[in-house]
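[1] the following comprises the amino acid sequence and a computationally predicted model.
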Amino acid sequence: MSKGNFAFPVAPERALALGEIHARPYALVKSSRVIFQLAFTMDGGSAVHHSVLTEVSRARGVAPPDKNARHHAMPWGQGTLRWERHTEFSTWFWDGPLPEKFGGEVISHPFGDGFSPPGPLMSGIRLEIRPEGPETDEAMTMFDPASLCYSHLKNGQASVLTDFRQDGDGLTRILLIDRSLTEAGRGALVQRLLDIETYRTLAMLGLPLAQTLSPEIRRIEDGLTGVTQQMKMHARAEADGILAEITRLAAELEANAALSLYRFGASRAYDGIVGERIKTLDEAPVPGYETLGSFLERRLAPAMRTCQSVEERQANLSRKLSRATGLVRSWIDVELERQNSDLLNTMNRRAEMQLRLQQTVEGLSVAAISYYIVGLVGYASKAVSHDLLPVDPAVITGVSVPIAVLGVWWVVRRIRKSHSEGH
């Protein structure tokens, strides 16, 4: 089959969709290594992170990545520096040779005095991979026993220890005891442990926001309670003021909800990733110690429930404010309808008065016009000679009075009737 048989036009998104599956390959990690991974937030934008990465690459004699690149790797010392861009942070991963003792000083690494951080540090991890022996037993004493997590992984091929506390450099210390892991399996396990620490830190970002918003929501709830009590007593008389207060409370609530929408959604997503990574560890508990999963479940779950509670309170309060607004608006609409009805009644009365006034004016106009017509007839009869008109002009004037009145009335009636038919 020739290649030309499938030379079809390709959708622009196809390459991105296919490449996303391979966007984060697990690094092949050798045993007896120390790994640093730092996560910096994107507060200054991705351009700042790319600029720092470009400077580091050029300093090492490596071509910098494209601006749209999501990951980049370069040799650095006796290890490899790997960079990866995420939605709201970027990670810097470096592996190097182990120091003699757990937690000992690493002489050469990329994050020394010459390194310019691209943003605020969100997560810092120091993970050491050591074979099982006296050194690992001694390393256990360096963890805080109050929060020490210790479990076996991969059917005993490895064990992990951490207390989720930070050392003097602000890094979370993790010890991975390697018994019989392959390079690929070791790399996958390292990546999962790094993801757990990074994403559990990011998931906790929703908690301070939830704690900040909780008093605000309580204040809005109290305000709504006061408004509803006012509605029970002076609903119609103070409907405009009540509606203004409800609108103000709703605006404050929506502003807070918009502020927390992304953060709470991101915390849920990060919490889900942590749960997935813990599940893939397939931990086996060590008697007398907690597993990473159980420890994080006790610490992380309450924080996530707090965020969820704040979200639910915001949603419920929004619905209550909406119902209260609808109720007050219905009262205002009824009042407006009553005012409109009164206005229409007033207009009807005014129309009736205008009609009566018009009829009165029409009656007076008939008399006035008739008076002028009769006067004209009188003047005309007086102007005619007695020989031509042997009748007394006064008689002619008197006879013309009823004729003029009836004629004018008939003409006015015809005009009014024609106007009515036209309307």
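    Done, it's in.

[2] show me where the stretch 301-423 of the chain has helices.
    Secondary structure of the stretch 301-423 of the chain by DSSP state H, counting those that start in this stretch: the helices cover 393-422.

[3] domains in this structure, by residue range?
    Domain ranges of the chain: 24-188, 206-341, 353-422, per automatic domain parsing.

[4] can you redo the ones you listed as JSON lines with mean pLDDT?
    As requested, these are exported to JSON lines (pLDDT from 0 to 100):
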{"stretch": "domain 24-188", "mean pLDDT": "90"}
{"stretch": "domain 206-341", "mean pLDDT": "88"}
{"stretch": "domain 353-422", "mean pLDDT": "75"}
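
[5] and of the ones you listed, who's closest to D195?
    Proximity to D195 (Cβ to Cβ) singles out domain 206-341 among the domains of the chain, at 4.9 Å. C-beta here means a position set from N, CA and C on the backbone, and glycine is covered the same way.

[6] the closest one: end-to-end distance?
    End-to-end span of domain 206-341 (Cα to Cα, to the nearest Å): 54 Å.

[7] and if you look at stretch 134-152?
    Terminal residues of stretch 134-152 are spaced 18 Å apart (Cα to Cα).

[8] so how far is it from its chain's centroid?
    Relative to its chain's centre, stretch 134-152 lies at 43 Å (Cα atoms, centre = their mean, to the nearest Å).

[9] got the contact list for the residue nearest to C307 when sequence neighbours are not counted?
    Nearest non-adjacent residue to C307, counting by Cβ to Cβ, 6 or more residues apart in numbering: G206, 4.3 Å away. G206 makes contact with 260, 263-264, 266-267, 303-304, 307 under the criterion Cβ atoms under 8 Å, 6 or more residues apart in numbering.

[10] okay, how far is it across stretch 125-144, tip to tip?
    Counting by Cα to Cα, you get 16 Å between the two ends of stretch 125-144.

[11] now do it: everything it contacts.
    Here stretch 125-144 has contacts from 29, 31-38, 98, 101-103, 148, 150, 159, 161-163, 165, 167, 169, 171-179, 186, 190, 193-194, 197-198, using Cβ under 8 Å, 6+ apart.

[12] so which bits of stretch 220-236 are buried?
    220-221, 223-224, 227-228, 231 (16 or more other Cβ atoms under 10 Å).

[13] just to revisit the earlier point, out of the contacts of stretch 125-144, which are buried?
    29, 31, 33-38, 98, 102-103, 148, 150, 159, 161-163, 171-178, 186, 190, 193-194, 197-198.

[14] list the buried residues of the top strand by length along the chain.
    In the chain, assigned by DSSP state E, the strand with the most residues is strand 121-131. Neighbour-count burial for strand 121-131 flags 122-130 (criterion: 16+ other Cβ under 10 Å).

[15] include distance to S400 when you put those residues into TSV, please.
    Output for those, formatted as TSV (distance: Cβ to Cβ, whole Å):
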residue	distance to S400
M122	111
S123	114
G124	119
I125	121
R126	126
L127	126
E128	131
I129	131
R130	136
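
[16] closest to R299 among those residues?
    After measuring these against R299 - Cβ to Cβ - the closest member comes out as S123, at 15.5 Å.

[17] distance of that closest one from T91?
    Separation of S123 from T91 (Cβ to Cβ, to the nearest Å): 8 Å.

[18] sorry, back to before: which of the buried ones among the contacts of stretch 125-144 fall in strands?
    Those of the buried ones among the contacts of stretch 125-144 mapping onto strands are 33-38, 150, 159, 161-163, 172-178, per DSSP E.

[19] just the helices in the stretch 1-150 of the chain please.
    Under DSSP H, counting those that start in this stretch, the stretch 1-150 of the chain gives helices at 14-20, 46-59, 134-140.

[20] who's in contact with the closest residue to S322 other than its chain neighbours?
    Spatial nearest neighbour of S322, excluding adjacent residues (Cβ to Cβ, 6+ apart): A250 at 7.6 Å. Shown in contact with A250 (Cβ under 8 Å, 6+ apart): 318, 321-322, 325.

[21] next: T201.
    Contacts for T201 (Cβ under 8 Å, 6+ apart) come out as 39, 122-123.

[22] same thing but 7 Å
    Applying Cβ atoms under 7 Å, 6 or more residues apart in numbering, we find T201 in contact with 122-123.

[23] so what pLDDT did it get?
    Predicted confidence (pLDDT) for T201: 94.

[24] which element is it on?
    helix 183-203 (DSSP states H and E).

[25] if we can go back for a sec, phi, psi of the residue nearest to S322?
    phi -70, psi -40 (degrees, to the nearest 10).

[26] quick check: phi and psi on D43?
    The phi/psi pair for D43 (degrees, to the nearest 10) is phi -60, psi -40.

[27] from memory it sits against G119, does it?
    Yes. When contacts are counted by Cβ atoms under 7 Å, D43 is listed as touching G119 (5.1 Å).

[28] between those two, tell me which one has more neighbours.
    Taking other Cβ atoms under 10 Å, D43 and G119 do not tie; G119 has more neighbours (19 against 12).

[29] residues in contact with the more buried one?
    G119 makes contact with 40-44, 48-49 under the criterion Cβ under 7 Å, 6+ apart.

[30] mark which of those are buried, thanks.
    By neighbour count, with 16+ other Cβ under 10 Å, these hold 40-42, 48-49 as buried.

[31] so what's the residue count around the closest residue in space to G407 that isn't next to it in sequence?
    Nearest residue to G407 in three dimensions, chain neighbours excluded: I373, at 7.7 Å (Cβ to Cβ, 6+ apart). Applying other Cβ under 10 Å, we find 17 residues neighbouring I373.
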